[in-house]
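Q: what would the 3D arrangement of this be:
(one chain, ligands or ions: 1)
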Amino acid sequence: NYDTLTDRTAVVTGASSGIGEATARALAASGAKVALFARRADKLSDVAAKIVADGGRALAVEVDVTSEESVAAGGAAVREAFGRVDLVVNNAGVMLAAPMADVRVDHWARMIDLNVTGALRVIGEFTPDLLGAAADGGTADLVDISSVAAHQLFPDYAVYCATKAAITHLSANLRAEFGPADVRVTNIEPGVVRSELRTHLDDVQAEGLASWIDTVGLLSSEELADVVAYAASRARHVNLRQIVVMPTRQV
Ligand code: NDP
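A: Below you'll find the predicted structure:
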């Protein structure tokens, strides 16, 4: 646990499964108040109930980050329950295969609207909170979950990789914009992590990845969550701006 997270006010998107769920639990275990954003209200309630049962503070908020209205309503709900937000973990995302020859405009649109514009909607909603918290002398963090796919090449996943490259470059630019105002920006690029990410692929696509993953192994979502909590718990003037976390055997 990281004591400096005590009484921080966090929002974690995509908190109903995988990395987001584990991150919400890790932040709450270190004493942060955590708002959990995602669409599946039942799963969010389960996660929040477990956090509360473990003595933590959690608020389940049904939010679809592809809707500005939904993100704004989520922002209002967390401020009412917990006050100003000073730690935003932008994690909601989807990975769909889209071999270019298939021209899956639907997959392109879904990934771009969720992975890129969804992240922007969340950043936009909470930028005043982060700047305000830092201006008042507090610690303020934006943590963006990108992927090693931002740099590596994965045939048939070009659009997914492009959305993650966009997030990594967005983080770098926002750090330049926010750093002088004492808001930290941390970009995290995981390698393969055990989660529900691959459940959105069809059987053939999932099988193709599974044989590769067998050779490199998987990180757990909890291992990623620990990296998020570690970065956010550094002294205020220390910004881990770029973190690449991979299974040792993944190259
Ligand atoms: P999961 O599929 O387990 O989690 C994705 C989360 O995003 C879910 O909680 C889902 O909740 C949420 N989500 C999806 N659509 C929306 C939406 N419209 N509004 C709000 N929330 C939404 O996968 P991971 O935990 O693996 O993924 C988390 C992040 O990590 C993603 O950005 C992914 O790209 C990244 N990543 C994952 C890697 C891996 O190997 N697993 C590797 C590198 C990066 P719900 O369906 O309830 O809305």
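
Q: helix or strand with the lowest mean pLDDT in this protein?
A: When each helix and strand of the chain is scored by mean pLDDT, DSSP states H and E, helix 203-216 comes last, with a mean of 90.

Q: starting at the chain centroid, how far to it?
A: Relative to its chain's centre, helix 203-216 lies at 24 Å (Cα atoms, centre = their mean, to the nearest Å).

Q: please apply the same query to stretch 109-125.
A: 11 Å.

Q: what residues does that stretch touch?
A: 11, 13, 37, 65-68, 71-72, 74-75, 88, 90, 92-96, 98, 142, 144, 159-160, 163-164, 166-167, 170, 174 (Cβ atoms under 8 Å, 6 or more residues apart in numbering). No exception for glycine: its C-beta is placed from N, CA and C like everyone else's.

Q: and those, which of them are buried?
A: 11, 13, 37, 65, 71, 74-75, 88, 90, 92-96, 98, 142, 144, 159-160, 163-164, 166-167, 170, 174 (16 or more other Cβ atoms under 10 Å).

Q: how about stretch 81-91, does it get close to the ligand?
A: Yes: contact of stretch 81-91 with the ligand (Cβ under 6 Å from any ligand atom) involves residue 91.

Q: for that stretch, measure first residue to last.
A: 22 Å (Cα to Cα, to the nearest Å).

Q: could you count how many residues lie near residue 117?
A: Close neighbours of residue 117, defined as other Cβ atoms under 10 Å, add up to 16.

Q: state whether it is indeed within a helix.
A: Yes: counting by DSSP: H, G, I helix; E, B strand; the rest coil, residue 117 is found in a helix.

Q: do you know the pLDDT at it?
A: As predicted, residue 117 sits at a pLDDT of 98.

Q: next one: it from residue 237, what distance?
A: Look at residue 117 and residue 237: by Cβ to Cβ, to the nearest Å, they are 32 Å apart.

Q: ok, now residue 215?
A: For residue 215 relative to residue 237 (Cβ to Cβ), the value is 41 Å.

Q: cool, residue 132 as well?
A: Distance from residue 132 to residue 237, by Cβ to Cβ: 19 Å.

Q: these two: which is more packed in?
A: Counted by other Cβ under 10 Å, residue 132 and residue 237 do not tie: residue 132 has more neighbours, with 16 against 8.

Q: show me what contacts the more buried one?
A: residue 84.

Q: buried ones in the helix or strand where it lies?
A: Using DSSP states H and E, the secondary-structure element containing residue 132 is helix 119-135. Buried residues in helix 119-135, counted by 16+ other Cβ under 10 Å: 119, 121-123, 125-127, 129-130, 132-134.

Q: could you pull out the strands for the stretch 51-200 of the chain?
A: 57-62, 87-90, 140-145, 183-190 (DSSP state E, counting those that start in this stretch).

Q: which one of those is the most hemmed in?
A: Each of the strands of the stretch 51-200 of the chain was assessed for mean neighbour count using mean count of other Cβ atoms under 10 Å. The highest is strand 87-90, with a mean of 29.

Q: what is that one packed up against?
A: strand 9-13, helix 18-29, helix 119-135, strand 140-145 (3 or more Cβ pairs under 8 Å, 6 or more residues apart in numbering; DSSP states H and E).

Q: relative to the ligand, which of these is closest?
A: Among those, helix 18-29 comes nearest to the ligand, with 2.2 Å by Cβ to the nearest ligand atom.

Q: residues from this protein in reach of the ligand?
A: Contacts of the chain with the ligand, taken as Cβ under 6 Å from any ligand atom, map to 13-20, 37-40, 43, 63-66, 91-95, 114, 145, 147, 190, 192-193, 195-197.
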